[in-house]
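Visitor: Next comes the sequence, and after it the predicted model I'd like to discuss.
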Amino acid sequence: MNRTINNGWIQVTNRCNLNCKYCYMNANKDLSSMTFGQFKHVIDCLIEFGIKNIMLSGGEPCLHPDIIPMIQYIAAKGLKIGLVTNGTIINKELVECIFANNVIVQISIDAMDSDNYILSRGIDRLNQVVENIKLLNKNDIIVTMSITLNNATISEVKKVVDFALSNQIHTLHYGFLVPSDRCKENNMTMDQLFDALICLYEVQINKYLHIQIDFVENYVRAIVNKNKNPYYCNSMSCNNMEIQPNGDIYQCGALETIMQKTLEKPINIFNQDNVQIMNRIKSEWKTIGVYDIPDCKDCNVKYVCKGGCRAIVYQTFGNLYGTQPLCNELQKFISVIIKDYESGKLNSYIKYLGIVDNPLNDNSGYMKYF
Ligand SMILES: C[S@@+](CC[C@H](N)C(=O)[O-])C[C@H]1O[C@@H](n2cnc3c(N)ncnc32)[C@H](O)[C@@H]1O
């Protein structure tokens with residue numbers, strides 16, 4: 001397996017000013033931050049590994065006192081930058097820096113109703129987030145949104161989309177609930193989930209000139225291209241490296257928090273030289289494709305759903321090679337898309353995506369959704 005690592009996620013701090021009930025980063029954490037000196041070392045190493053995109057995250061990255069010099073340092077090296085933030089702490093200097101360095105800002109917002117926002121994020125900061133989105137808009141900064149679907153936010157799907165549409169937010173990234181640590185209690189029913197997926201699918205195929213919804217686009221591209229890419233995510237195809245504030249490297253945040261016991265000793269970017277790191281990644285990192293999952297072998301949508309998030313599966317069943325908990329709903333959902341594709345209902349949307357002229361290699365590491 002050829003490991004081309006394109007994306008570097010850097011958790012610059014574990015601190016966060018929210019108290020999200022569903023956050024997979026929230027439990028078992030010390031509150032350490034990476035120093036600016038360590039950060040520069042990390043960026044220099046990632047460049048040597050060939051990384052093209054850097055996502056700054058946490059904890060809450062905007063809490064880091066050196067977030068501005070960090071952005072400037074990456075930009076000076078010519079890399080693309082994404083900032084994954086809860087959007088509550090964005091001041092004028094940061095806005096100027098974001099604009100000057102073409103940073104894409106992904107704001108996690110989850111719900112438009114204060115009570116549901118609090119249920120998901122722990123603290124009422126919704127007004128601040130909305131104000132900051134308007135501030136970013138006013139300064140011509142590209143804002144995308146990240147929404148975690150859980151029992152507090154599932155009823156908000158339509159409101160969140162309407163908010164995006166009326167605030168020049170064109171790209172939506174959806175996370176289905178990762179049942180880790182504090183979010184084991186998940187009262188979202190599978191019927192609710194299916195209805196939400198269909199609602200978002202209809203939005204995507206009807207409003208494609210205004211909005212891009214990650215999982216719908218990914219499924220449609222996989223159906224149309226009939227590609228046999230077996231990996232659900234960039235991490236499993238070894239396109240991602242996620243660096244914790246203490247220098248530990250993982251394939252993704254969920255793998256770090258949920259599967260931390262799967263490697264005996266995490267690889268640390270401060271303690272080992274780059275050759276050693278690459279050798280360990282080559283020999284130890286798991287690449288689980290859909291062909292490795294026994295229950296997926298005979299499934300007719302296996303190259304569309306790609307088996308789902310292995311971290312969720314591991315957390316739910318204690319087995320990396322199990323079937324994902326949402327399997328039936330997703331199979332039903334994908335069948336709807338396939339039927340629409342075959343009937344020609346998706347023709348305009350597909351033309352808009354430019355799939356025929358310009359096939360997307362998913363997992364190619366290009367940064368549209370993160
Ligand atoms: C861990 S946060 C870190 C950055 C920043 N504090 C923020 O809120 O965006 C990044 C994203 O992960 C999402 N997330 C956290 N726990 C999750 C879970 N259990 N399932 C799905 N998404 C989750 C959050 O909602 C957020 O959009």
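Guide: Now that the structure is in, tell me what you want to look at.
Visitor: how near is Trp285 to the ligand?
Guide: Note on Trp285: its distance to the ligand, by Cβ to the nearest ligand atom, to the nearest Å, is 21 Å. C-beta coordinates here come from the backbone N, C-alpha and C atoms, glycine included.
Visitor: Show me where the stretch 101-250 of the chain has its helices.
Guide: Taking DSSP state H, counting those that start in this stretch, the helices of the stretch 101-250 of the chain run over residues 114-121, 126-138, 157-166, 190-206, 214-225.
Visitor: possible to save these as CSV with mean pLDDT and mean neighbour count?
Guide: Putting these into CSV (pLDDT from 0 to 100; neighbours: other Cβ atoms under 10 Å) gives the following:
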stretch, mean pLDDT, mean neighbour count
helix 114-121, 93, 19
helix 126-138, 97, 17
helix 157-166, 96, 17
helix 190-206, 93, 17
helix 214-225, 92, 20
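Visitor: could those helices go into JSON lines alongside distance to the ligand?
Guide: Shown next, in JSON lines, are the helices of the stretch 101-250 of the chain (distance: least, Cβ to the nearest ligand atom, whole Å):
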{"stretch": "helix 114-121", "distance to the ligand": "8"}
{"stretch": "helix 126-138", "distance to the ligand": "10"}
{"stretch": "helix 157-166", "distance to the ligand": "12"}
{"stretch": "helix 190-206", "distance to the ligand": "13"}
{"stretch": "helix 214-225", "distance to the ligand": "12"}
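Visitor: Specify the angle between the helix or strand where Lys332 lies and helix 190-206 in degrees.
Guide: If you go by DSSP states H and E, Lys332 is part of helix 327-343. When axes from the mean of the first three to the mean of the last three Cα atoms, to 10 degrees is applied, the directions of helix 327-343 and helix 190-206 differ by 30 degrees.
Visitor: May I see the buried residues of helix 327-343?
Guide: Cys327, Glu329, Leu330, Phe333, Ile334, Ile337, Ile338, Asp340, Tyr341 (16 or more other Cβ atoms under 10 Å).
Visitor: Run through the neighbouring helices and strands of that helix.
Guide: helix 190-206, helix 214-225, helix 302-305 (3 or more Cβ pairs under 8 Å, 6 or more residues apart in numbering; DSSP states H and E).
Visitor: Packing partners of the first one?
Guide: Which is helix 190-206. By 3+ Cβ pairs under 8 Å, 6+ apart, helix 190-206 packs against helix 157-166, strand 171-176, strand 212-213, helix 214-225, helix 327-343.
Visitor: Of all those, which one comes closest to Leu197?
Guide: helix 327-343 (4.9 Å; Cβ to Cβ).
Visitor: Gln272 - how many residues pack around it?
Guide: 16 (other Cβ atoms under 10 Å).
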